[in-house]
Structure formats: C-alpha cells, structure tokens
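Student: How does the following fold in three dimensions:
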Amino acid sequence: MMQETEKIRDKVVLVGLNSPVLKADSADEESMDELAALVETAGGEVVGTVLQNRATPDAHTFIGEGKVAEVQLYCENVETTMVIFDNDLSPSQQRVLTELLGVQVLDRCGLILDIFAQRAKTKEGRLQVELAQYRYLLPRLIGMWSHLERQGGTSGKGPIGSKGPGETQLETDRRLIHKKIDKLRDDLEEVRRVRSTQRQQRRKNEIPVVAIVGYTNAGKSTLLNQLTGAGIPANNRLFDTLDTTSRLLTVSDTMDVVISDTVGFIRKLPHQLVEAFKATLEELEYADLLLHVIDVSNPLWQQQSQVVENLILELGAGDLPRIDVFNKFDKVEAGDLRPHGEDICAISARTGEGVDHLLEMIDQRLDRGTKRVNIHLPYDKSGLLDLLYREAKVESVEYGETIDVVAVCTPRVLGQIADYTPDWMPPKEDWE
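Tutor: Residues are numbered from 1 along each chain as shown. Alright, predicted model coming up:
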C-alpha cells in the first residue's frame, strides 16, 4: 500500500529568484526550505532545488531563458512532474514556463491554495478556499485548456438562438466564474451575518473573547487542546488545521472566556486567502485579547513573529491587548535565556509547563470586576432571578426564608442586586 502511495506522489523541483527588486517576495534559503515543507504537506516529493540570483526578474520567463533551459534539462534528468516557484508568477509567465519546461508549473500562491483546499473541512472553510481559488484562477484562464480557443455561435450550424457574434469559450468561462464568485461572496456575507449575531450575543452576556494567532505550526492547536481538551489534530506540519475552533474556557473561578484559534499565518500568504478569510479573521478585530503563539525553538522565530505582526496590523487588530506566548520551551537548550516581560509568557503547550501562569495572565488582563457573591432575594423580588440566569453565572439556588443564590456577577449586574448582597458593597465612587 505504501509503495502505491509513493508512485502517485508528484516529484517536484523547486525554483526561486533572489532579487532586490522583489523585496518581500524575493526567495532565499529559508523561504526555499519552507517551500519544501509546504510541498511535503501537499503530498509531493522534492527532488531538487534551484535558487537563482538576478538583479531583476525577466518579464517573459521570470528567471531568464538561459536559466529556464538549465532547469528544463535538470527536470529531464530527475524525471520531475512539476516545478514550483517560491515567488509569485504572473499568468503569462506561468503559461510560458509551463510550455518551455514541459511540466506543470505552479507558484507559491497556487501551492498554498491547494493545501488549504485539502485541509478545509467545514462549509465555511470550503467556501473561503473556493473563493480564493476562483480569484486566483480568473486571470489564468487563457491557455489553460485547448477548448478556450473554440468559438461558439458563429458558424450558422448551432441550435436556434445561438447564431450571431457569439462569445468565445474563454468569455463564457469568465462569466461563469464571475457568477460563482458573486455567489460565494453572498454565502460568506451570510457567514459574517451569523458571526455578527453570535458576537452580539456574547457581548450581551459579557463573555470576553480570546483569539489565538501565530505562524503556522507554532503550536496554536496544541495550546487550545491543552487549555480546553478540544481534541483538534495537532501534527508537526504546516497548516495541519485550517478551520477555526472556538471553545468555552474557565480561566478562573470567576471568569469564563470564549477562546478561538485562527488559521496559521505564513510569509507571502496569498492576498486572495487574506481577503477570503476575512469572514474568519475579522474575529481578531472584535477580540478582547490576543494570544500570539511563537515557536521559540525555531531559529527564525523573530522573522515569523514579524510576519504575524504585519498581518495583525493589516486586519485592523494592532491596538488590541496581547500576550506573546513563547511556546516549545521544552525543545530549547537548557541555559538559554527565556524571554520575560509584563506581556510575555513562556510555556510548553505539549507538556503543559507554564500554562497555569498563562491562565493567571489572561485573568489579570480581562479582569472586569467580576465577583462571586451570595444573594438573598425576597420573594417579591424573584423577578431578579431571571436577570441572574440571563446575565450572570448562577452556581446554586436554594429556597428558604429568602431565595438564596450564589452567582458570579459582572459589575453591571452587581449594581442591580446590590441591596441583596450583604457580603458585597458597591465601590465608594459609586456612592457619590
């Protein structure tokens, strides 16, 4: 069975262009290593790597005709089935390179989209990936299939109603894709509407929201599993989990929060994905606290952290309170200095080391004056019990001479039942 699986794996040659003109899209050894990991995640096998240094990209072939000929010969020698570029290619460059190399050519953006398509499980995730794929596909229609060259409706031999100037198959496909994009946008707008309703309900109940963000494979899912027992698959590979998972987390005896993980970030994340996933990622903008999970065992953790910082800013969440969670300290050499500071926590999500301290920090950052109190309601004030069930966390109710309630209450609720809480008094500033 394993041999059959190996036979169908794509044999991939990686190509990257290092050029100062490309700036953030320029390839280097680290980004090529990451691209190789992405290929493994997608189910391919890397059989070679070519990194080209060039002052400027070639408008026609991107890496220059001489280098293309060199790569083509290399592909023949290793019998590759695919070439993947670490840089973004224009539709025309991708088409030309496919013709010259004689194998399928993909760029980093297309590869990431393929991985996302494999990983998306929920309806929302599939909608978002499909929208991103159609946006990526639209400018690349020309030359992708031979049937696009056919003309319809002009020969006089078509069915009734088809005669006239007609339209090319390319125009037909473009029109159909535009329709699909519009339909997907409408569906995702409905997702946004549902999320907005859920968000309003959480705010009505004053439940804080904590969002976990971080570079892909930093340990976000492992942390959520450690905190809540969510049971999300957490393997050591890029984009292992894609769909957002939210769970209720008891941070302390007076605080519950909704904690959500988000899709992992990565350098050169396709803008089509950022746009498509805004229905999910906009949760960051409405979060009360961000947990930025950083894989401190990775030598490139500082660069990865900066990628996440930039995307947080792009999504409008730069001003939110944040805790930097330095994860995987069980893999760091003994004696290495641990990052420390007011908004920094060092943990191992795998072993649980440091997680209790993280919960304490979350509790401190989100403390809104919530208190556990004993409430003694006269029977003629029993209507307040309904208020407590709606807007507080009721732990017990006993009926005696009064209705005796133990509940965790927010300051707003405390103000409404202050006359019936003998062990709690409003702050002095509320008396004035």
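Student: Residue 407 - that's part of a strand, no?
Tutor: Yes - assessed by DSSP: H, G, I helix; E, B strand; the rest coil, residue 407 belongs to a strand.
Student: Check the spacing between it and residue 356 real quick.
Tutor: 26 Å (Cβ to Cβ, to the nearest Å). Bear in mind the C-beta positions are built from the backbone N, C-alpha and C, glycine included.
Student: Neighbour count: these two, which is higher?
Tutor: residue 407 (23 against 10; other Cβ atoms under 10 Å).
Student: my read: the more buried one touches residue 388, true?
Tutor: Yes - using Cβ atoms under 8 Å, residue 407 makes contact with residue 388 at a distance of 5.2 Å.
Student: Quickly list what's touching both of those two.
Tutor: When contacts are counted by Cβ atoms under 8 Å, 6 or more residues apart in numbering, the set common to residue 407 and residue 388 consists of 375, 394.
Student: what's the spacing between the residue nearest to the spatial centre of the chain and residue 87?
Tutor: Centroid-nearest residue in the chain: residue 263, 1.7 Å away (criterion: Cα atoms, centre = their mean). Taking Cβ to Cβ as the measure, residue 263 falls 22 Å from residue 87.
Student: Residue 97: helix or strand, and which one exactly?
Tutor: helix 91-101 (DSSP states H and E).
Student: Residues in contact with that helix: which ones?
Tutor: Taking Cβ under 8 Å, 6+ apart as the rule, helix 91-101 contacts 60-62, 68, 71-72, 75, 83, 85, 89, 104-107, 139-140, 142-144.
Student: which other helices and strands contact the helix or strand encompassing residue 177?
Tutor: In this assignment (DSSP H and E), residue 177 forms part of helix 169-204. In terms of contacts (3 or more Cβ pairs under 8 Å, 6 or more residues apart in numbering; DSSP states H and E), helix 169-204 is packed against helix 123-137, strand 151-152, helix 278-285.
Student: between those, which gets the lowest average pLDDT?
Tutor: Out of the helices and strands packed on helix 169-204, strand 151-152 stands lowest, with a mean of 44 (criterion: mean pLDDT).
Student: Find the nearest non-adjacent residue to residue 266, please.
Tutor: residue 216 (5.0 Å; Cβ to Cβ, 6 or more residues apart in numbering).
Student: Was I right to think that neighbour contacts residue 239?
Tutor: Yes - counting by Cβ under 8 Å, residue 216 touches residue 239, with 5.4 Å between them.
Student: pLDDT weak spots in the stretch 301-432 of the chain?
Tutor: Applying pLDDT under 70 to the stretch 301-432 of the chain picks out residues 334-340, 425-432.
Student: Show me the helices in it, by range?
Tutor: Secondary structure of the stretch 301-432 of the chain (DSSP state H, counting those that start in this stretch): helices located at 301-314, 355-365, 383-391, 411-416.
Student: Which of the ones you listed sits closest to residue 255?
Tutor: helix 355-365 (5.7 Å; Cβ to Cβ).
Student: now residue 28: how far from residue 56?
Tutor: Using Cβ to Cβ, which is the criterion applied here, residue 28 is 17 Å from residue 56.
Student: just to revisit the earlier point, can I assume the residue nearest to the centre of the chain sits in a helix?
Tutor: No - under the criterion used here (three-state DSSP), residue 263 is coil, not part of a helix.
Student: Look up the pLDDT of it for me, please.
Tutor: 74.
Student: My guess is it contacts residue 245. True?
Tutor: No - the criterion here is Cβ under 8 Å, and residue 263 misses it with residue 245 at 10.9 Å.
Student: Residue 272 versus residue 131, what's the distance?
Tutor: 8 Å.
Student: ignore the last one, residue 24
Tutor: Taken as Cβ to Cβ, the span from residue 24 to residue 272 is 17 Å.
Student: Equivalent analysis for residue 363, please.
Tutor: 39 Å.
Student: The two - which one has more neighbours?
Tutor: Higher neighbour count among residue 363 and residue 272: residue 272, with 21 against 16, using other Cβ under 10 Å.
Student: wait, is that one part of a helix?
Tutor: Yes - counting by three-state DSSP, residue 272 is found in a helix.
Student: Tell me the confidence at it?
Tutor: 71.
Student: So it is in contact with residue 139, correct?
Tutor: No - using Cβ under 8 Å, residue 272 makes no contact with residue 139, being 10.9 Å away.
Student: How about stretch 122-131, which residues are buried there?
Tutor: 124-131 (16 or more other Cβ atoms under 10 Å).
Student: what's the closest of these to residue 13?
Tutor: Out of the buried residues of stretch 122-131, the member with the shortest distance to residue 13 (by Cβ to Cβ) is residue 129, at 25.9 Å.
Student: isn't the closest one right up against residue 116?
Tutor: Yes - in this structure, residue 129 is within contact of residue 116 by Cβ under 8 Å, at 4.6 Å.
Student: what do the two both touch?
Tutor: Common neighbours of residue 129 and residue 116 (Cβ under 8 Å, 6+ apart) are residue 273.
Student: dump the residue contacts of residue 330.
Tutor: 348, 350-351, 353.
Student: which of those residues lies closest to residue 176?
Tutor: residue 350 (47.1 Å).
Student: Now that that closest one has come up, it's in contact with residue 219, right?
Tutor: Yes - applying Cβ under 8 Å as the test, residue 350 and residue 219 come out as touching, 7.4 Å apart.
Student: neighbour-wise, which of those two wins?
Tutor: Neighbour count, other Cβ under 10 Å: between residue 350 and residue 219, residue 219 has more, with 26 against 17.
Student: What separation do you get for the more buried one and residue 104?
Tutor: 34 Å.
Student: ditto for residue 316
Tutor: With Cβ to Cβ as the criterion, residue 316 and residue 104 are 38 Å apart.
Student: Likewise for residue 48?
Tutor: 15 Å.
Student: picking that back up, list the residues that contact both of residue 350 and residue 219?
Tutor: residue 328.
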